[in-house]
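> Coordinates for the following, if possible.
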Amino acid sequence: GTIQGSSNVTVNGGDVTGQGTIALTGGFFTLNNTGSFGGPANWTFNALEFLVSGHTTTATGAGSVTAGGIHTESGHTLDGGAKTWIVTSSGQPFDMDGTFTASTSTVQYLGTAFTEVEPVTYYNLQLQPNAAGNPTYQLGDFASQTVRTNNTWTIGDGTNPVTVDHTAFDPTLDIRGDLTLNNNVVFTKSNAGTNNVLFRRGSAQTLTDNNGTKQDLGLCQILVNTTNTTLNLGSGVRMTGLTVDASQVFNANGSNALTLTGTGVPLVVNGTFTQSTGTVAYTGAGNVDMARIAYHDLSILPAASGAVHQFAGTTPTTIAVGGDLLCGNGTAYGTTPTCDFDAPDARPDVTGNYTIAVNASLEADSGTTFVGGNFTNNGSFSHGSGTVTFDGRSLHGTNRPRVAYLPEERGLYKKVPVLDALAYFGELKDLS
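Reported below is the predicted structural model:
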């Protein structure tokens, strides 16, 4: 059978089960006692509430529950079971003044205007407005709260835009499963200044950002959860900073890029950092101390003039770069070196290409800089008392003729006789 209509319905016995369908377009559907709720069919309500403190409602059956809003009174427990709970209204549609036990349920928010995301523990959480409107979904509604997901967290449906606001109340995001940001998502990061985006599944979990412009997730950390956690990238990602705790693992999982926008020490690795064939890009707008770890591709791209990027620490260290190293993003800088490898005595050993971009400057240390591919200097390079070795060979003897100089559009050719110019270029090649 089917229950239809728009009147208020109150059930004082607590149990609402059966094989039939509920399709209510108005009124409140209220349960006032302990009991089971649900069945195999999908049920729809205008407003659904679980009242009376000290009682528990336990979901049963595989059918979904859709309601404009769902409310539990303080002291009442709602066990989500294995159901999908869909809230369609905006505002505060999933209002858990009581206790929500996630079990293996899914909670899906579909509101198309400003919506508060309840700070509770979810199993699967989906923030997916089902129509245009570009709503803001605010995480939490008060200070010192936590939004926790135990399995998957999906933001956006890939079509309808949504902004997720983490900065209003800065709740801790306790992520114990996969996190996916689909296309057309804007994530406004927390400004709390502490690591409050925590990846702590205790096994492997995946972070994926499908946006063309990757969203800055803020200050992130990989932590143990009884057993160790491995964070795998499913795409390139952007963070203000990342801390990898002891015995935990970060895995770029192929060619995915990790972009770090913070200043100070944005990357702290106390565990394992597996870059695969990916890129680490430092883009801080101020001074940055980069991690002394092995990289594949390393891009040093300060976002402001005068920002100094150097490697943390003072002990002379060889920095292995298995791919390419790029210093600078081609914009103008002040007189302060963009990439300062001298003060911290860092000696990059670059297997691939070593490039200094236009208007960038690089100051090498007093040791040996190793270059396995091409060395391109479109900016400024200061070697100090150091040595640059190409493919294991220094620029002396038979190797010197392999190096060429390409001048700008105005050379000396019109100011000297042809024979003098030929003689000069011959001397550059050790010709007599």
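> hey, let's count contacts and neighbours off CA atoms from now on
OK.
> partner residues bridging residue 31?
When bridges are called by DSSP bridges, residue 31 pairs up with residue 11, residue 50.
> In this structure it contacts residue 11, no?
Yes. The criterion here is CA atoms under 8 Å, and residue 31 meets it with residue 11 at 4.9 Å.
> Look at those two and report which has more neighbours.
Comparing residue 31 with residue 11 by neighbour count (other CA atoms under 10 Å), the higher total belongs to residue 31, at 23 against 13.
> And the more buried one, how far from residue 50?
5 Å (CA to CA, to the nearest Å).
> Please name every helix or strand in contact with the helix or strand where residue 362 lies.
Per DSSP states H and E, residue 362 falls inside strand 361-363. On a contact count with 3 or more CA pairs under 8 Å, 6 or more residues apart in numbering; DSSP states H and E, strand 361-363 meets strand 339-340, strand 380-382.
> Of the ones you listed, which stretch is the most buried?
Of those, the one with the most neighbours on average (mean count of other CA atoms under 10 Å) is strand 339-340, at a mean of 22.
> residues making contact with the strand ranked longest in the chain?
Counting by DSSP state E, the longest strand found in the chain is strand 146-155. For strand 146-155, contacts defined as CA atoms under 8 Å, 6 or more residues apart in numbering pick out 118-128, 139-140, 171-182, 185, 201.
> swap in stretch 344-356?
With contact meaning CA under 8 Å, 6+ apart, stretch 344-356 is reached by 310-328, 341, 362, 364-381.
> And the contacts of strand 146-155, which of them are buried?
Buried residues within the contacts of strand 146-155, counting neighbours by 16 or more other CA atoms under 10 Å: 118-128, 139-140, 171-182, 185, 201.
> Out of those residues, name the ones that lie in strands.
121-127, 139, 172-175, 178-181, 185.
> Distance check, residue 415 against residue 422.
Where residue 422 is concerned, residue 415 sits at a distance of 13 Å (CA to CA).
> The two: which is more packed in?
Using other CA under 10 Å as the criterion, residue 415 and residue 422 rank with residue 422 on top: 12 against 8.
> Keeping just the C-alphas, turn the host helix or strand of that one into PDB.
Assigning secondary structure by DSSP H and E places residue 422 in helix 418-428. Output of helix 418-428 as PDB, limited to C-alpha atoms (Å, rounded to 0.1, in the frame of the first residue of the first chain):
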ATOM      1  CA  VAL A 418      83.600  39.800 -39.100                       C
ATOM      2  CA  LEU A 419      87.100  38.300 -38.500                       C
ATOM      3  CA  ASP A 420      87.200  39.600 -35.000                       C
ATOM      4  CA  ALA A 421      83.800  38.100 -34.200                       C
ATOM      5  CA  LEU A 422      84.800  34.800 -35.600                       C
ATOM      6  CA  ALA A 423      88.000  34.800 -33.600                       C
ATOM      7  CA  TYR A 424      86.000  35.600 -30.400                       C
ATOM      8  CA  PHE A 425      83.500  32.800 -30.900                       C
ATOM      9  CA  GLY A 426      86.400  30.400 -31.700                       C
ATOM     10  CA  GLU A 427      88.100  31.300 -28.400                       C
ATOM     11  CA  LEU A 428      84.900  30.500 -26.600                       C
END
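> Nothing else from me, thank you.
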